[in-house]
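Student: sequence-free structure coming up:
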């Protein structure tokens, strides 16, 4: 009977796949895939770009993303596991293919199968409960909401259910003292980490239960359980690091994308209580913590609690026996606490606030912590079914399950309708313009969230560029690499000459206002298209009106010297001025930009910068990187708040347009208030006192 139950679960998943996903969406060549936007477009961009590039090491690195450095597609949430399979297939077919639709179909098929597996792990053998688990798992509001948002990787909730089933089996059997007991969990965690880090973290916490239980019970040899669990947890991370080359970086703002305390029970987006009921959101980001359990599952949980109180007082057990309760309860409480974060809201009421430090540093990896409740919700579902199957007579059980499944199915009707609508592609939007024939590189500024108002337009253009075979010099990523700086990317895009056959797009009005087309080189052709500015070089013109040139570049003759407020015209990106008109760098990048007078471009010269560094501690040192144009960077160390001279050599015929651009990179900016400094910046690095331009031939100035 067990095998038939799994087959029935798979058939339920297959039926859900064909009901929710149109054929084109499933095959990856139609529906929303024609013109996706937002997170879905970002995911697909990395997926296709990775296949179009050659094999490299680390394996997940795509050189055509953030060219020329390259970027791991794990940072673009492009499902490394599926992308690796797609790249192998692309090598046989000779062109990229979109396998993400099939991945979504696999998620729907495996979800009920995994639910049955998790229920069997509790010792429950009721086929009625197994069928109910399969349907309830497919009708999980949190899962359907991920489909609606287009979070492709995060639709793999089956990983959590398989982890729950493995943990239940090992806890009940007392397995985990030898390495063989952890081969299966290690394989599952490897799959999870190659799908999405969040699934890895939540599955890893669930699988800690069988390792924690011997410790709580003071069982001899508990050290071996903890040791082999740690190995099973660490090996997937090492595999990911080896394949990706980076683990990415954490984010700030822990508690913003949390779960509202009432979210599991308040009927949000409900088919029974009203599809217009909004998601509980007290922070502006608690939609990530959408975890309404559904009326059917809430009914089962309530009945299970009543049965337990009457039959055996105590907390709801995650397994049918008392053995293993402690470990499960501990990990589930931990996941629940992570979900509500350090700022606990019930509706709009703030109940608890523990501040931001040190929580940002500890939980930066799980920035969207509201997702942690997914595992708790599934544990509640499996526990409730196991309890009712054990304590109710078969006729009563069947009646209760039919009622609960019917309620859950009706309650999630609006979510299912939205999923069908989204993947049918009814809200398609085309790129602002077609990529010019012969283009090889696409740059879109700004690249970082919060700097641009047209994020959807940018992701649509990037996807169009990748489909046309272009490299991308920037891309919005879920986890930006440590070497990347939004400020440096923006400054370079505004001020460095365009490369041959490059398309450079400026989309944010505040960025367009800074643009001086002369800095992009004499061969740059800039046009206004659909509210943005698109510049090309050595390419057919993009349709549109000529873009305004912006302010002229200041012209400097040689020799010359500027000090105090006279330096201001030479300063370009990342400066603010104090009451004396002296420039202070704000942030990690500050630049000087000017044009040399005609004959002076043919002469080698030296630019002398008189700078003061702002160290983190009084009397310390401030290291900065100095770069001329796109050339290499040299490092110099400035003393704290004492003038120092930095010389920048400019070769003869350095630039055909005579443009000199010097960038100063400060990796360790300082909060001046911490130093007691009254200055006009919040992230200080250097203060520029004077600029002197002299010939390098030694003639007297």
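Tutor: Noted; the coordinates are in hand. These numbers come from a predicted model, not from an experiment.

Student: in stretch 431-449, what's buried?
Tutor: Within stretch 431-449, the residues that count as buried by 16 or more other C-beta atoms under 10 Å are 431-433, 435-436, 439-448. The way it works is simple: take the backbone N, C-alpha and C, and place the C-beta from them, glycine included.

Student: tell me which of those residues is nearest to residue 333?
Tutor: residue 448 (36.2 Å; C-beta to C-beta).

Student: OK, contacts around the nearest residue to the closest one once chain neighbours are set aside?
Tutor: Counting by C-beta to C-beta, 6 or more residues apart in numbering, residue 486 is the residue found nearest to residue 448 once chain neighbours are left out, at 3.6 Å. Taking C-beta atoms under 8 Å, 6 or more residues apart in numbering, we find residue 486 in contact with 446, 447, 448, 451, 480.

Student: hmm, back to that, among the buried residues of stretch 431-449, find me the one that's closest to residue 376.
Tutor: For those, with residue 376 as the reference and C-beta to C-beta as the criterion, the closest is residue 448, at 33.0 Å.

Student: okay but that closest one is in contact with residue 475, surely?
Tutor: No: taking contacts as C-beta atoms under 8 Å, residue 448 lies outside contact range of residue 475: 10.8 Å.

Student: sorry, back to before: inside strands: which ones of the buried residues of stretch 431-449?
Tutor: 441, 442, 443, 444, 445 (DSSP state E).

Student: Let me have the residues you listed in a markdown table, adding distance to residue 155 and pLDDT as columns.
Tutor: Listed next are those as a markdown table, based on distance: C-beta to C-beta, whole Å; pLDDT from 0 to 100:
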| residue | distance to residue 155 | pLDDT |
| --- | --- | --- |
| 441 | 33 | 91 |
| 442 | 29 | 90 |
| 443 | 31 | 90 |
| 444 | 27 | 88 |
| 445 | 31 | 83 |
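
Student: Now render those as a markdown table, adding distance to residue 34.
Tutor: Shown next, in a markdown table, are these (distance: C-beta to C-beta, whole Å):
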| residue | distance to residue 34 |
| --- | --- |
| 441 | 25 |
| 442 | 20 |
| 443 | 25 |
| 444 | 21 |
| 445 | 26 |
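
Student: now the strands: where do they sit in the stretch 401-550 of the chain?
Tutor: Along the stretch 401-550 of the chain, the stretches classed as strands by DSSP state E, counting those that start in this stretch are 441-445, 471-472, 502-506, 524-529, 532-537, 545-546.

Student: The stretch 251-400 of the chain: strands as residue ranges?
Tutor: Going by DSSP E, counting those that start in this stretch, the stretch 251-400 of the chain shows strands at 343-346, 349-353.

Student: which of those strands is buried the deepest?
Tutor: Highest mean neighbour count among the strands of the stretch 251-400 of the chain (mean count of other C-beta atoms under 10 Å): strand 343-346, with a mean of 20.

Student: Check the average confidence over that strand, would you?
Tutor: Average pLDDT, strand 343-346: 94.

Student: Make CSV from the contacts of residue 486 and add pLDDT and distance to residue 166 to it.
Tutor: As requested, these are arranged in CSV below (pLDDT from 0 to 100; distance: C-beta to C-beta, whole Å):
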residue, pLDDT, distance to residue 166
446, 79, 44
447, 76, 40
448, 73, 39
451, 43, 43
480, 75, 34
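
Student: As JSON lines, the residues you listed with distance to residue 611 would be great.
Tutor: Shown next, in JSON lines, are the contacts of residue 486 (distance: C-beta to C-beta, whole Å):
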{"residue": "446", "distance to residue 611": "27"}
{"residue": "447", "distance to residue 611": "28"}
{"residue": "448", "distance to residue 611": "27"}
{"residue": "451", "distance to residue 611": "27"}
{"residue": "480", "distance to residue 611": "28"}
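
Student: which one of those residues is nearest residue 9?
Tutor: Taking C-beta to C-beta as the measure, residue 9 lies nearest residue 480 of the contacts of residue 486, at 39.5 Å.

Student: Surely the closest one and residue 69 touch.
Tutor: No: in this structure residue 480 lies outside contact range of residue 69 using C-beta under 8 Å: 11.7 Å.

Student: When the two are compared, which one has more neighbours?
Tutor: residue 480 (21 against 12; other C-beta atoms under 10 Å).

Student: Got the domain ranges for this protein?
Tutor: 2-28+99-423, 441-546, 555-695 (automatic domain parsing).

Student: Could you double-check that residue 157 sits in contact with residue 378?
Tutor: Yes: assessed by C-beta under 8 Å, residue 157 is found in contact with residue 378 at 7.4 Å.

Student: Same drill for those two, tell me which one is more crowded.
Tutor: Between residue 157 and residue 378, counting by other C-beta under 10 Å, residue 378 is the more crowded of the two (28 against 24).

Student: per-residue confidence at the more buried one?
Tutor: 98.

Student: can you tell me which residues contact it?
Tutor: Counted by C-beta under 8 Å, 6+ apart, residue 378 has contacts 115, 118, 137, 140, 157, 160, 161, 164.

Student: Swap in 10 Å and give it another go.
Tutor: Contact analysis of residue 378 by C-beta atoms under 10 Å, 6 or more residues apart in numbering lists 114-115, 118, 133, 136-137, 140, 142-143, 157-158, 160-161, 163-164, 202, 206, 297.

Student: Those, buried ones only, as a ChimeraX selection?
Tutor: To isolate the buried members of the contacts of residue 378 in ChimeraX, using 16+ other C-beta under 10 Å:
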select :114,115,118,133,136,137,140,142,143,157,158,160,161,163,164,202,206,297
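
Student: Inside helices: which ones of the contacts of residue 378?
Tutor: Using DSSP state H, 114-115, 118, 133, 136-137, 142-143, 158, 160-161, 163-164, 202, 206, 297 are the members of the contacts of residue 378 that sit in helices.

Student: Now flag whichever of the residues you listed is closest to residue 562.
Tutor: Taking C-beta to C-beta as the measure, residue 562 lies nearest residue 202 of those, at 57.5 Å.

Student: Distance of the closest one relative to residue 372?
Tutor: Look at residue 202 and residue 372: by C-beta to C-beta, to the nearest Å, they are 6 Å apart.

Student: any shared contact partners between these two?
Tutor: Common neighbours of residue 202 and residue 372, counting by C-beta under 10 Å, 6+ apart, are 335, 338, 339, 366.

Student: coming back round to it: and for residue 157 and residue 378, which residues touch both?
Tutor: With C-beta under 10 Å, 6+ apart as the test, residue 157 and residue 378 both reach 114, 115, 137, 140, 142, 143, 202.

Student: pretty sure the fourth one contacts residue 108?
Tutor: Looking back up the chat, that one is residue 140. No: counting by C-beta atoms under 10 Å, residue 108 is not a contact partner of residue 140; they are 11.2 Å apart.

Student: and the end-to-end length of stretch 91-103?
Tutor: 19 Å (C-alpha to C-alpha, to the nearest Å).

Student: picking up where we left off before, mind putting the strands of the stretch 401-550 of the chain in JSON lines, distance to residue 222 included?
Tutor: What follows is the strands of the stretch 401-550 of the chain, written out as JSON lines (distance: least, C-beta to C-beta, whole Å):
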{"stretch": "strand 441-445", "distance to residue 222": "54"}
{"stretch": "strand 471-472", "distance to residue 222": "50"}
{"stretch": "strand 502-506", "distance to residue 222": "58"}
{"stretch": "strand 524-529", "distance to residue 222": "65"}
{"stretch": "strand 532-537", "distance to residue 222": "61"}
{"stretch": "strand 545-546", "distance to residue 222": "73"}
